[in-house]
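Asker: Provide a 3D model corresponding to the input given below.
(one chain, ligands or ions: 2)
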Amino acid sequence: MSAKHPVVVITGSSGAGTSTVLKTFSQIFRRENMNAAYVEGDSFHRYDRMAMKEEMSKAIASGDHTFSHFGPEANLFEELETLFREYGETGSGKIRKYLHDDEEAAPYGQEPGTFTPWETIPAGTDLLFYEGLHGAITTEKVDIASFADLTVGVVPVINLEWMQKLHRDKSKRGYSTEAVTETILRRMDDYVNYMCPQFSRTDVNFQRVPVVDTSNPFIARTIPTNDESMLVIRFKDPRGIDFPYLLSMLHDSFMSRPNTIVCPGGKMDLAMQLIFTPMLWRLMERRSKAR
Ligand SMILES: Nc1ncnc2c1ncn2[C@@H]1O[C@H](COP(=O)(O)OP(=O)(O)OP(=O)(O)O)[C@@H](O)[C@H]1O
Ligand SMILES: O=C(CO)[C@H](O)[C@H](O)COP(=O)(O)O
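Answerer: Ligands and ions are numbered 1, 2, ... in the order given. Next up is the predicted model:
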């Protein structure tokens, strides 16, 4: 935690929609004049695509069928913790990018599946914004969550998450249904042990729940739209949250628990703006008092 250099985290599984949520936060940062340094979680993978394939073959040959991008062996958790800690102390740290596809790789003149070189975050940013898989991870070796000032979980119900992953990996990243299914299965151990526990630590969780049939996510042609879903928003600590205001602004919303609002899925962007703008203001006020 850092008053001077706050760290804001959006964390979620692959296909959960964290990149989509990033767009809403970018809008808030632009409108509120906040200069954010962006870090993508995938840039803290330990291996590039070729090396990951090799490591995976070795793991499988040795009888380990659960080696995956969700777990500690395939990621640089210590380095991510260092980035959060250093940013909190100095407002800087080392970042890079993982280039998933041709479109992302082209501007760097690199192959997809590779990392850009490490770079130092320039001075003068107001906050660090992490978007990815592991922003609230805690293991025996690291406590990444403890260095974040605001943590948000993006967690569609699992059938929807799989549909979103299948759709994106097939349409944008060139994978087959079989390859994505195999990845989902191999990651399941790490999903349960590393991904899920994060969402008990996050300050706010957004869970998209479809109201159309998603019984077989592996054959679905389209992703349920926001209008075909409801949104469950859960606050870890409801103290200080202006629920009557949120209920009045989010048409057709209601409270399902003392710390949980449910609203139509189409209100996701508005809900995020209403909830996070004042939270970010508070982080910025705390920052200017600490300087
Ligand atoms: N609210 C939504 N409504 C409809 N489709 C959505 C929604 N959120 C995300 N998607 C779709 O789901 C897919 C995955 O979303 P996104 O790329 O944001 O996931 P991600 O969590 O960043 O995944 P990764 O970490 O693997 O990059 C995309 O095709 C996106 O358009
Ligand atoms: O989305 C992911 C994790 O968030 C990807 O599965 C991971 O980054 C590996 O990517 P690729 O299979 O394209 O090399």
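Asker: hey, let's count contacts and neighbours off CA atoms from now on
Answerer: Noted.
Asker: now do the SS call for Thr125.
Answerer: Classification of Thr125 using DSSP: H, G, I helix; E, B strand; the rest coil returns coil.
Asker: and it, what does it touch?
Answerer: By C-alpha atoms under 8 Å, 6 or more residues apart in numbering, the contact list for Thr125 reads 34-37, 91.
Asker: pull out the buried residues from these.
Answerer: By neighbour count, with 16 or more other C-alpha atoms under 10 Å, those hold 34, 36-37, 91 as buried.
Asker: make JSON lines out of the contacts of Thr125 and add secondary structure, pLDDT and distance to ligand 1.
Answerer: Shown next, in JSON lines, are those (DSSP: H, G, I helix; E, B strand; the rest coil; pLDDT from 0 to 100; distance: C-alpha to the nearest ligand atom, whole Å):
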{"residue": "Met34", "secondary structure": "coil", "pLDDT": "97", "distance to ligand 1": "22"}
{"residue": "Asn35", "secondary structure": "coil", "pLDDT": "97", "distance to ligand 1": "21"}
{"residue": "Ala36", "secondary structure": "strand", "pLDDT": "98", "distance to ligand 1": "18"}
{"residue": "Ala37", "secondary structure": "strand", "pLDDT": "98", "distance to ligand 1": "17"}
{"residue": "Gly91", "secondary structure": "coil", "pLDDT": "97", "distance to ligand 1": "25"}
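Asker: next, give me the two most distant ones among these.
Answerer: Comparing every pair within the contacts of Thr125 by C-alpha to C-alpha identifies Met34 and Gly91 as the most remote, at 14.0 Å.
Asker: which neighbours do those two have in common?
Answerer: Joint contacts of Met34 and Gly91 (C-alpha under 8 Å, 6+ apart) are 125, 127.
Asker: what residues does this structure put near ligand 2?
Answerer: Within the chain, the residues that sit near ligand 2 (C-alpha under 6 Å from any ligand atom) are 14, 42, 49, 100, 113, 133.
Asker: compare those residues and tell me which is most surrounded.
Answerer: Neighbour tally across the residues of the chain next to ligand 2 (other C-alpha atoms under 10 Å): the maximum, 27 neighbours, falls on Leu133.
Asker: now do the buried residues in stretch 19-30.
Answerer: Neighbour-count burial for stretch 19-30, with 16+ other C-alpha under 10 Å as criterion, is recorded at 19, 21-22, 24-26, 28-29.
Asker: ok, which of these also contact ligand 1?
Answerer: When contact is defined as C-alpha under 6 Å from any ligand atom, these meet ligand 1 at Ser19.
Asker: now the strands: where do they sit in the stretch 151-291 of the chain?
Answerer: Secondary structure of the stretch 151-291 of the chain (DSSP state E, counting those that start in this stretch): strands at 204-210, 229-235, 254-257, 260-264.
Asker: in its sheet, what does the third one sit against?
Answerer: Spelled out, it's strand 254-257. strand 260-264 (antiparallel) (DSSP bridges).
Asker: and among the strands of the stretch 151-291 of the chain, the most buried is which?
Answerer: Across those, averaging neighbours per residue (mean count of other C-alpha atoms under 10 Å) puts strand 204-210 on top, at a mean of 23.
Asker: can you tell me the strand partners of it and which way each runs?
Answerer: strand 150-154 (parallel), strand 229-235 (antiparallel).
Asker: give me the residues contacting the shortest one.
Answerer: Applying C-alpha under 8 Å, 6+ apart, the contact partners of strand 150-154 are 7-13, 16-18, 135-136, 145, 198-199, 201-207.
Asker: let's see which of those end up in helices.
Answerer: Secondary structure assignment by DSSP state H places Thr18 of these in helices.
Asker: quick one: contacts for Arg46?
Answerer: Counting by C-alpha under 8 Å, 6+ apart, Arg46 has contacts 73-76.
Asker: who wins for neighbours among those?
Answerer: Neighbour counts for the contacts of Arg46 peak at Asn75, which has 20 neighbours (criterion: other C-alpha under 10 Å).
Asker: so that one bridges to which residues?
Answerer: Asn75 forms beta bridges with His45, as assigned by DSSP bridges.
Asker: could I get the pLDDT score of Phe129?
Answerer: On the pLDDT scale, Phe129 is placed at 98.
Asker: assumed it was part of a strand.
Answerer: Yes. Phe129 forms part of a strand when assessed by three-state DSSP.
Asker: count of residues packed around it?
Answerer: Look at Phe129: counted by other C-alpha under 10 Å, it has 23 neighbours.
Asker: I'd say it and Thr11 touch.
Answerer: No. Between Phe129 and Thr11 there is no contact under C-alpha atoms under 8 Å: 10.7 Å.
Asker: got a list of what the closest residue to Asp227 other than its chain neighbours touches?
Answerer: Counting by C-alpha to C-alpha, 6 or more residues apart in numbering, Asp227 lies nearest to Gly266, which is 5.2 Å off, once chain neighbours are set aside. Gly266 makes contacts with 226-227, 229-230, as judged by C-alpha under 8 Å, 6+ apart.
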